[in-house]
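1. The following comprises the amino acid sequence and a computationally predicted model.
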Amino acid sequence: MTTELRVLRPSEWNEWFECLELAFGGVAEPPEQRELDEQLTEHERSIGIWDGTDVVATAGAFSFRVAVPGGALVPAAGVTMVSVASTHRRRGLLTSMMRRQLDDVRALGEPIAVLTASEPVIYGRFGYGAASRQMSLTIDTDRVRLTVPQGTDEVRLRHAKPDEAMAACEGVYEQLVAGRPGTPAHGPGWERKPMVDPVSSRQGGSAQQCVLAERDGEIVGCVTYHIKPDWEPSGPKGTVTVNDLAALDPAAYAALWRFVFEIDLTSTVEARNRPVDDAVLHLVSDVRRCNIRVRDSLHVRLVELGAALEARTYRAPVDVVFEVEDAFCPWNAGRWRLTGDAKGVASCRRTDDAADLALSVRELGSAYLGGESLSALALAGRVRELRSGALAEASLAFSSDAAPWLPRGF
Ligand SMILES: CC(=O)SCCNC(=O)CCNC(=O)[C@H](O)C(C)(C)COP(=O)(O)OP(=O)(O)OC[C@H]1O[C@@H](n2cnc3c(N)ncnc32)[C@H](O)[C@@H]1OP(=O)(O)O
């Protein structure tokens, strides 16, 4: 098989995207979704593999800046649209695209790459580690009650049309990015993504609705949701599916949750992507009836290990030497001394000193956003402590007060 791996030409986007759609099962994207995907595609960062005139593999990257512990925004490649045609799988095409892509990311000077995986098993071999989780809830709102904080009644709620909702939700999102590791700061156009609402994706539910929370005329929160009515002999049993829900203070947050809990003719609230430390867990009367499920979300790859580890803040003073294994990006392999503290000045340099901890770049990717603990990874045998006390020191330093979270997929 002779194939060519190269950058996508803008005129080839349709056939490139069709390869991707086919690889995911062949269900065509709704036109409004497809149009936005084309608009957001960064052609110069999109690659494909051609077998003759046929596109047989695709991979893209978005130019993000991702929040890390301490609030800095680190340039990051948001890896996306990865596919290999089912006729060409398990022959190394993905591996060759990952090679090219990580070399390109390095050349661009982005210290990290991030992605969400269709299957978590795929990307560990390329040095990605699962770094954040997402929580889904299915809440029985006939039984679960909310205890809301003082000030909740003073929050004014009102419905907003999609255009106003888009600007308001984006404004709230932007104010929350730095405080939540794992959240990407996007470029223009991304504010449209959560507002695309194709009829074919509603599965019998309503159009997306948006309610804004205001105090003294300022927008302090927003929720977008769908309602799916349902009727049983005993009465109405509709479901509210929460898409985005975000607020700038506890009272606005509680007001929005109370609103979705109390919508007439519904008895279930579904929320599919929440942070694992969501404050709603402390508002509800019965966490068991929230039917919590947790899964992996953002996977992180340290592309330039030194620059990546210097870009974040450490929760406690740390001075450790890592012995790092990185077969796919060998420029990261070897010994690195990391020093840092909560004030935000960190240094990560090559050293010949004896190693304190031995691990692969994958574990550092998992721990990078502060959500997965180095101590837990050590219990799984994935981090080895070579100096007594180094594991506890590094594990505490890497941890984050806010759990990392990716509020919106890409
Ligand atoms: C960020 C995103 O876009 S995630 C979306 C990923 N895309 C999809 O899931 C669409 C459907 N799947 C596909 O298109 C393809 O199967 C891909 C892209 C996942 C893999 O492409 P391939 O070209 O077959 O991968 P490649 O041949 O380079 O495999 C490299 C290694 O990964 C393994 N591997 C690849 N995909 C999988 C998988 N889905 N499950 C388990 N192992 C896998 C291969 O067995 C191989 O292992 P080896 O080195 O031990 O032999």
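-> That came in fine, so what should we check first?

2. can you name the farthest residue from the center of this protein?
-> residue 233 (40.9 Å; C-alpha atoms, centre = their mean).

3. What does the pLDDT read for that one?
-> pLDDT, residue 233: 96.

4. same thing with the one 4 residues further on?
-> In this prediction, residue 237 carries a pLDDT score of 97.

5. in the stretch 201-350 of the chain, what residue is nearest the ligand?
-> residue 299 (8.3 Å; C-beta to the nearest ligand atom). To be clear about C-beta, it is placed using only N, CA and C from the backbone, and glycine gets the same treatment.

6. Equivalent analysis for the stretch 101-250 of the chain, please.
-> Nearest to the ligand, among the residues of the stretch 101-250 of the chain, is residue 118, at 3.3 Å (C-beta to the nearest ligand atom).

7. List the contacts of that residue.
-> residue 24 (C-beta atoms under 8 Å, 6 or more residues apart in numbering).

8. Does residue 297 touch residue 116 like I think?
-> Yes - with contact defined as C-beta atoms under 8 Å, residue 297 and residue 116 form a contacting pair (6.2 Å).

9. Mean confidence (pLDDT) on the longest strand anywhere in the chain, please.
-> In the chain, with assignment by DSSP state E, the single longest strand is strand 54-67. Strand 54-67 comes out with an average pLDDT of 98.

10. what does stretch 247-262 give?
-> What stretch 247-262 shows for mean pLDDT is 98.

11. ok, now stretch 322-330?
-> 98.

12. Ok, stretch 78-85 next?
-> On average, the pLDDT along stretch 78-85 is 98.

13. How about that stretch and the ligand, touching?
-> Yes - with C-beta under 6 Å from any ligand atom as the criterion, the ligand is reached by stretch 78-85 at 79-84.

14. Which of the residues you listed fall in strands?
-> Reading strands off these with DSSP E, I get 79-84.

15. among those residues, who's most crowded?
-> Most neighbours among these, by other C-beta atoms under 10 Å: residue 79, with 27 neighbours.

16. ok now do the residue lying closest to that residue once chain neighbours are set aside, which residues does it touch?
-> Leaving aside its chain neighbours, residue 79 sits nearest to residue 115 (3.9 Å; criterion: C-beta to C-beta, 6 or more residues apart in numbering). Neighbouring residues of residue 115 by C-beta under 8 Å, 6+ apart: 78-80, 82, 123, 128, 298-299, 301.

17. again, only using 10 Å
-> Neighbouring residues of residue 115 by C-beta atoms under 10 Å, 6 or more residues apart in numbering: 59, 61, 76-80, 82, 122-123, 126, 128, 298-301, 410.

18. what do you get for residue 74?
-> Each residue near residue 74 by C-beta under 10 Å, 6+ apart is listed here: 64-68, 110-112, 114, 181, 185, 307-308, 310-312, 368.

19. so how far is residue 182 from it?
-> Taking C-beta to C-beta, to the nearest Å as the measure, residue 74 falls 11 Å from residue 182.

20. what is in contact with those two at once?
-> Counting by C-beta under 10 Å, 6+ apart, the contacts common to residue 74 and residue 182 are 66-68, 114, 368.

21. Which one of those sits in the busiest neighbourhood?
-> residue 368 (31 neighbours).

22. Tell me the predicted confidence for that residue.
-> pLDDT at residue 368 comes out at 99.

23. Spatially nearest residue to it (excluding sequence neighbours)?
-> Residue 368's closest residue in space is residue 300 (C-beta to C-beta, 6+ apart), at 5.0 Å.

24. which residues does that neighbour bridge with?
-> Beta-bridge pairing of residue 300 under DSSP bridges involves residue 114, residue 129.

25. Look up the pLDDT of it for me, please.
-> pLDDT, residue 300: 99.

26. contacting residues around it?
-> Taking C-beta under 10 Å, 6+ apart as the test, what residue 300 contacts is 66, 68, 76, 112-115, 127-132, 182, 308, 361-362, 364-369, 371-372, 404.

27. Which residue, other than its chain neighbours, is closest to residue 311?
-> Distances taken as C-beta to C-beta, 6+ apart put residue 74 closest to residue 311, at 4.6 Å, once the chain neighbours are dropped.

28. Tell me if I am right that the one you found is in a strand.
-> Yes - secondary structure assignment (DSSP: H, G, I helix; E, B strand; the rest coil) places residue 74 inside a strand.

29. Okay, and the beta partners of it?
-> Counting by DSSP bridges, residue 74 is bridged to residue 66.

30. The one 5 residues further on now?
-> For residue 79, the beta-bridge assignment (DSSP bridges) gives partners residue 61.

31. Let the chain start at 15 from now.
-> All right, first residue 15 from here; so that's residue 93.

32. Now do it against residue 126, distance only.
-> Distance from residue 93 to residue 126, by C-beta to C-beta: 10 Å.

33. Then residue 175?
-> 37 Å.

34. So for those two, which sits in the more crowded spot?
-> Counted by other C-beta under 10 Å, residue 175 and residue 126 do not tie: residue 126 has more neighbours, with 26 against 9.

35. In contact with that one, which residues are there?
-> By C-beta under 10 Å, 6+ apart, residue 126 lies in contact with 78, 80, 82, 88-91, 119, 145, 314-319, 321-322, 325-326, 379, 382-383.

36. switch to 8 Å and redo it
-> Residues counted as contacts of residue 126 (C-beta under 8 Å, 6+ apart) are 80, 88-91, 314-317, 322, 379, 382.

37. One more: residue 418?
-> So residue 418 contacts 145-146, 194-196, 289, 312, 383-385 (C-beta under 8 Å, 6+ apart).

38. Give the phi and psi angles for it, as a check.
-> phi -60, psi 150 (degrees, to the nearest 10).

39. for residue 126, same thing?
-> When read as degrees, to the nearest 10, the backbone of residue 126 gives phi -140, psi 160.

40. Also residue 231?
-> phi 80, psi 0.

41. okay, now it: neighbour count?
-> There are 6 residues near residue 231, going by other C-beta under 10 Å.

42. Is any residue of the longest strand of the chain near the ligand?
-> No - judged by C-beta under 6 Å from any ligand atom, strand 68-81 makes no contact with the ligand; its nearest approach is 6.7 Å.

43. residues touching the residue nearest to residue 279 when sequence neighbours are not counted, list them.
-> Once flanking residues are discounted, residue 279 sits nearest to residue 250: 3.9 Å by C-beta to C-beta, 6+ apart. By C-beta under 8 Å, 6+ apart, the contact list for residue 250 reads 243-244, 278-281.
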